[in-house]
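Asker: Return atomic coordinates for the entry below.
(3 chains)
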Amino acid sequence: MKEENVIEADQLTKTFGEFTAVNAISFEVKKGEIFGFLGANGAGKTTAMKMLIGISKPSAGKAAVAGFDVYSQPESIKKNIGYMSQRFALYDDLTVKENITFFGGIYGLSRKKIREKREQLISELGLENISNKLVGSLPLGWKQKLAFSVSLLHGPKIVFLDEPTGGVDPITRRHFWEMIYKAADQGTTIFVTTHYMDEAEYCDRVSIMVEGKIEALDTPKKLKEQFKVDSMNDVFLKLARIPSPTLPKGKGENTDCN
Amino acid sequence: MKTIGYIIQKEFKQIFRNKGMLPIIFILPILQLVILSNAATYEVKNIKFAYIDYDHTSTSRALVEKFNASSYFNVLTDFPSQEIASAALLRGEVDVVLEIPNNFERNLLKEKTADLSITINAIDGAAAGVENGYVNQILQTFNKDVKTNIIDTSKKPVQSVAIESIPSFWYNTTLDYKTFMVPGILVLLVTMITLFLSGMNIVREKEIGTLEQINVTPIRKSQFIIGKLFPFWVIGMGLLTIGLILAKAIFNIPMEGSIALLYAYTSIYILVILGMGLLISNFTDTQQQAMFIAWFFIVIFILMSGLFTPIESMPKWAQLITEFNPIKYFVEIVRMVMLKGAGFTDILPQLWKTMLYAAIMNGLAVWSYRKTI
Amino acid sequence: MQLKINDEISSPLWELEWKMKRFIGFIKKEFYHIFRDRRSLFILFGMPIAQILLFGFAITNEINNVNIAILDHSKDASTGEIINKISASKYFTVKQILTRETDIETAFKKGKIKAVLNFEKDFSRNLIAEKRATIQIITDATDPNTANSITNYINAILQNYQQEKNRTIAVEYQIVPQTRMVYNPELKSVFMFVPGVMTIILMLVSAMMTSISITREKELGTMEILLVSPLKPFQVIIGKVVPYIFLSIINASVIVLLSIFIFKMPVQGSLFLLGLESVLFIITSLALGILISTIAETQQAAMMISLMGLMLPVILLSGFIFPVASMPVPLQIISNIIPAKWFIIIIKGIMLKGVGMAYVWKETLILIGMTIFFIGLSIKKYKIRLE
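Answerer: Presented below is the predicted three-dimensional model:
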């Protein structure tokens, strides 16, 4: 059971015109695993993830998520996954309760189920006093935790987290990872991108992407042994030859004008 | 169905929670309806009129008195010379200048004919034409007066033929332009609000990133779109209702035809506009782009709707363009139903076109909406 | 980088130059923002040109090709002559011949015709025997403006016919008016509408684009970043506005060129003055845009205020289509607060009347005053927010 693959990618590629954002990556993620997807900014992590969650069509290669093909069954994939984006994506102008109700509703949960989940989630996060406050007024850390809980609302098999802890203080990050562990214990597979190397240590296995390719993939322990260093940070520095300064800068500008 | 309900609920909450937007959506249009409907008249009155009297006789004064008595002209002043009059014309202080030359009375009595010169500011060509007509009317009655006053009554004058025309203004006997403008401006406001709100809505979610979150859910795009657009449909119908009530209460606009028919038509019409808004949303990345495109179309729709200027007077190719103008149909229908009491069969041609338009717009919009990037 | 330069250079002149460079750099960034986005650029330049071409040709308040119907109870020589005269004019097309009074209602309801000419029985005989005959001009007055014009035009044709008939009879006491149509002798309606269209395009583009681009920074949170930078708040605003000034100047120039070469609008006055006044109006509109951006918190609100709030008032109250003098007095007073009204007076004056500053100084001062007022109010609002 533990050996069942929930994500399989084979030579998955995405090109934008001349530019190859994701270059023939292949990997598997097993059920219940916490899979760290590392890489520098602009290495292609988010693009790869968007192909897996069915909102971006691959240019070449094969991939299946939760047993469904990314080309032909993206809507079936969506029923089985949760997603938390890099940009905070709950509605600022709805309250905590309303956000939970709304997302529960569009995932097709029954009214009763939504009510149960809502109460449970609010008490777990300790948000009782502010459950009727607008989400926009909450501190970022709470918003992130709430967004994570909302992405788990419909009991997905896999949760995709795109840099979930960006801009959050260390204590909140700690809490966040506790929540991730808890979800993983309950059998949810976690696919998480990050560039905090200490977080990489928390993962069962990590892959490191450099300029669109996966350059390394193993458990943190084995990677450290392989590269003969003490920390994931050093592994990363050895691998990710910091790309020529023009590339990420140019790309960064392109994305902010969208 | 249940899923759509959740989206509708969310949209309504967001709209009614935004305290800054509410007055713009509801109060601004109502204020404009009440105020601006008074502005749209081509009637030419209060014409700024001045004269130069070189003659200074009782006849010349009698002629000026005629203009004074007319309700169209607002006799402002007499200028001592042509130069001063021209300068006033340049400054825009007067629009029509009458110049009575020396010996006007003498010529009229002796030679039975006299010259006059009239200068009209013709920048607004149509108004200038009307002003010229008014001037000629006054001169003609003055001619008659001269005859009856001066002519030796013993001599029977040769009678000239006269065609008497009796104007008869149907559906709006008093030529009250508000009767026409209030429904028309209401149409514009309903269209603007629904197009701007729907055009901005989805692109706004694109911009703040929540749309991506929606796209990774298993929601069907038709569900999402219906849920998104329904609240604006309700707002459009609500605005129409408020506007109709005000039209009745403040302007006493008649409602000759069936109000149900008007609502039925409007409910389809708003779908056209919402589909258009959604289409704009799909093809733009930022609210700024979306609004600029919406602005472009709305200005064309408004100015080519036949509401402010007649469509028949446009060149043929421009008339062809107006066939694609939804506002044109709506203006026609409102006019027909409210003022003429047109029934279902009368509005059938426009109704068909509008339904077809709605189907095409929404079809295109749903088709071009992509859950993927 | 910045600190280093500050440390090294102590001369105030150098520092000033450096500050200027920093400011210019910021403006450059704003230009890149707009000009890199091809689609927006196309929209910003292409659409106003499309509009001026479309409206210049299409919009007219004259009457042309109006469909009318005839209900002729006489069918004799005179009515035939009159009908011929009317259908020969470019204003009317006889679309339908009716036979019964009751047909009129149906014809109007279908909406195909705008007027019906109803000739009385024995028209010619009456005209010869009794020297007077009657025609009823029935118009569809649901659009009273058009109905009124149609009646005027038909009356003019009838008068003309009457004069021809009377030519043989010696007329006593005739005043012959020599009418001069000044500034627009051919009564072209394009002369009336092009200035209006130009105004509405400049006004809305400038006000809308600035208000949106400033609120966008507020909404995305990048405004805070700019405000904590060494740039002064007014520099930030000017930096955002300058590209739009250029853009609007280009738009204005293209529109003026199109009106001269395509619509044959004359420029009787100084082209230079026209340019200056246009820049002034652009700045007034931008100032209004800035004011809107201090009121609005979101792009959505900014857009709705500038579109919903400005569009119809500008179209209706500026004298663009409807003469201000004919409006009810309260509206004539309200129209004074519309900047577009003053600009339209100015361009018509310069282009058609050929006047100079001596004649438009009042309107110019009003625009300058409005600009100062908008900017002053924006600064005040802005300060309140920062405190």
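
Asker: quick one: average pLDDT of the one helix or strand C:I24 maps to?
Answerer: Assigned by DSSP states H and E, C:I24 belongs to helix C:12-36. Mean per-residue pLDDT for helix C:12-36: 76.

Asker: residues of it that come out buried?
Answerer: C:23, C:26-27, C:30, C:34 (16 or more other Cβ atoms under 10 Å in any protein chain shown). Glycine gets a C-beta too; all of them are placed from N, C-alpha and C.

Asker: residues in contact with C:I135?
Answerer: Remark: with contacts taken as Cβ atoms under 8 Å, 6 or more residues apart in numbering or on different chains, C:I135 is in contact with B:163-166, C:82, C:117-120, C:123, C:158.

Asker: Leaving out the residues flanking it, which one is nearest to residue 189?
Answerer: In the absence of a named chain, this looks at chain A. A:I158 (4.3 Å; Cβ to Cβ, 6 or more residues apart in numbering or on different chains).

Asker: should've been chain B
Answerer: Beyond its immediate neighbours in the sequence, the residue positioned closest to B:L189 (Cβ to Cβ, 6+ apart) is B:P29, lying 4.1 Å away.

Asker: same check, this time on B:M336
Answerer: B:A342 (3.8 Å).

Asker: now swap in B:K371 and tell me
Answerer: Nearest in space to B:K371, with sequence neighbours left out and distances taken as Cβ to Cβ, 6+ apart, is B:N215 at 4.6 Å.

Asker: Was I right to think the one you found contacts A:I55?
Answerer: Yes: between B:N215 and A:I55 there is a contact under Cβ atoms under 8 Å: 4.9 Å.

Asker: what residues are up against residue 150?
Answerer: Because you didn't say which chain, this covers chain A. Here A:V150 is in contact with A:90, A:99-100, A:103, A:121 (Cβ under 8 Å, 6+ apart).

Asker: other chain: chain C
Answerer: Here C:I150 is in contact with C:63, C:66, C:68, C:114-115, C:137, C:139 (Cβ under 8 Å, 6+ apart).

Asker: Can you name every helix or strand that the longest helix anywhere in chain C contacts?
Answerer: Using DSSP state H, we find that the single longest helix of chain C is helix C:189-220. With contacts taken as 3 or more Cβ pairs under 8 Å, 6 or more residues apart in numbering or on different chains; DSSP states H and E, helix C:189-220 sits against helix B:125-150, helix B:287-303, helix C:38-58, helix C:222-228, helix C:233-261, helix C:271-295, helix C:299-317, helix C:339-348.

Asker: would JSON lines of those with mean neighbour count and distance to chain A be doable?
Answerer: Listed next are those as JSON lines, based on neighbours: other Cβ atoms under 10 Å in any protein chain shown; distance: least, Cβ to the nearest Cβ, whole Å:
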{"stretch": "helix B:125-150", "mean neighbour count": "18", "distance to chain A": "47"}
{"stretch": "helix B:287-303", "mean neighbour count": "23", "distance to chain A": "11"}
{"stretch": "helix C:38-58", "mean neighbour count": "17", "distance to chain A": "10"}
{"stretch": "helix C:222-228", "mean neighbour count": "13", "distance to chain A": "9"}
{"stretch": "helix C:233-261", "mean neighbour count": "18", "distance to chain A": "15"}
{"stretch": "helix C:271-295", "mean neighbour count": "22", "distance to chain A": "19"}
{"stretch": "helix C:299-317", "mean neighbour count": "24", "distance to chain A": "11"}
{"stretch": "helix C:339-348", "mean neighbour count": "25", "distance to chain A": "32"}
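
Asker: ranges for the strands of chain A?
Answerer: Counting by DSSP state E, the segments of chain A that form strands are A:5-16, A:19-30, A:34-39, A:60-65, A:68-69, A:81-84, A:158-162, A:189-194, A:205-210, A:213-218.

Asker: What is the fourth one packed up against?
Answerer: So that's strand A:60-65. For strand A:60-65, the packing partners by 3+ Cβ pairs under 8 Å, 6+ apart are strand A:5-16, strand A:19-30, helix A:45-52.

Asker: The first one and chain B in contact?
Answerer: Put plainly, it is strand A:5-16. No: for strand A:5-16, no contact with chain B is found by Cβ under 8 Å from any Cβ of the partner chain; the gap never falls below 10.7 Å.

Asker: Give me the buried stretch members for that strand, please.
Answerer: By neighbour count on 16+ other Cβ under 10 Å, the buried set for strand A:5-16 is A:6-7, A:9, A:12-14.

Asker: For the stretch 1-150 of chain B, which residue gets nearest to chain A?
Answerer: Proximity of the stretch 1-150 of chain B to chain A (Cβ to the nearest Cβ) peaks at B:Y6, 2.9 Å away.

Asker: count of residues packed around that residue?
Answerer: 22 (other Cβ atoms under 10 Å in any protein chain shown).

Asker: In terms of helices and strands, where is it?
Answerer: helix B:2-17.

Asker: What lies in contact with the helix or strand that that helix is followed by?
Answerer: The first helix or strand that comes after helix B:2-17 along the chain, using DSSP H and E, is helix B:22. Applying Cβ under 8 Å, 6+ apart, the contact partners of helix B:22 are B:15-16.

Asker: can you list the weak-confidence ranges in the chain?
Answerer: Defaulting to chain A. For chain A, the stretches with pLDDT under 70 are A:1-3, A:240-258.

Asker: You answered for a different chain; I wanted chain B.
Answerer: For chain B, the stretches with pLDDT under 70 are B:1, B:147-161, B:373.

Asker: try chain C
Answerer: For chain C, the ranges with pLDDT under 70 are C:1-12, C:167-174, C:384-387.

Asker: domains of it?
Answerer: Per automatic domain parsing, the structural domains of chain C span C:43-58+C:187-386, C:66-165.

Asker: Measure how far the longest helix along chain B is from the centre of its chain, please.
Answerer: Scanning chain B for the helix with the most residues, using DSSP H, yields helix B:177-208. Computed by Cα atoms, centre = their mean, to the nearest Å, the chain-centroid distance of helix B:177-208 equals 16 Å.

Asker: Show me what that helix packs onto, helices and strands only.
Answerer: helix B:28-36, helix B:210-215, helix B:221-249, helix B:259-282, helix B:287-303, helix B:326-334, helix C:144-166, helix C:299-317.

Asker: relative orientation of it and helix B:259-282 in degrees?
Answerer: 30 degrees (axes from the mean of the first three to the mean of the last three Cα atoms, to 10 degrees).

Asker: between helix B:177-208 and helix B:2-17, how many degrees?
Answerer: Inter-element angle recorded for helix B:177-208 and helix B:2-17: 110 degrees (by the same axes, to 10 degrees).

Asker: The residue nearest to B:L189 and C:M308 touch, don't they?
Answerer: Yes: with contacts counted by Cβ under 8 Å, B:P29 reaches C:M308, the gap being 6.9 Å.

Asker: where do the contact lists of the two overlap?
Answerer: B:192-193.

Asker: Would you mind giving the secondary structure of the closest residue to C:T146 other than its chain neighbours?
Answerer: Spatially, and ignoring its direct neighbours in sequence, C:T146 is nearest to B:P310 (5.0 Å; Cβ to Cβ, 6+ apart). Put simply, B:P310 is coil when judged by DSSP: H, G, I helix; E, B strand; the rest coil.

Asker: Let me see the backbone angles for B:P310.
Answerer: According to degrees, to the nearest 10, the main-chain angles of B:P310 amount to phi -70, psi 140.

Asker: Could you verify my assumption that it touches C:N65?
Answerer: No: B:P310 lies out of contact with C:N65 (Cβ under 8 Å); the separation is 9.4 Å.

Asker: So between these two, which is more surrounded?
Answerer: More neighbours surround B:P310 than the other of B:P310 and C:N65, with 22 against 16 (other Cβ under 10 Å).
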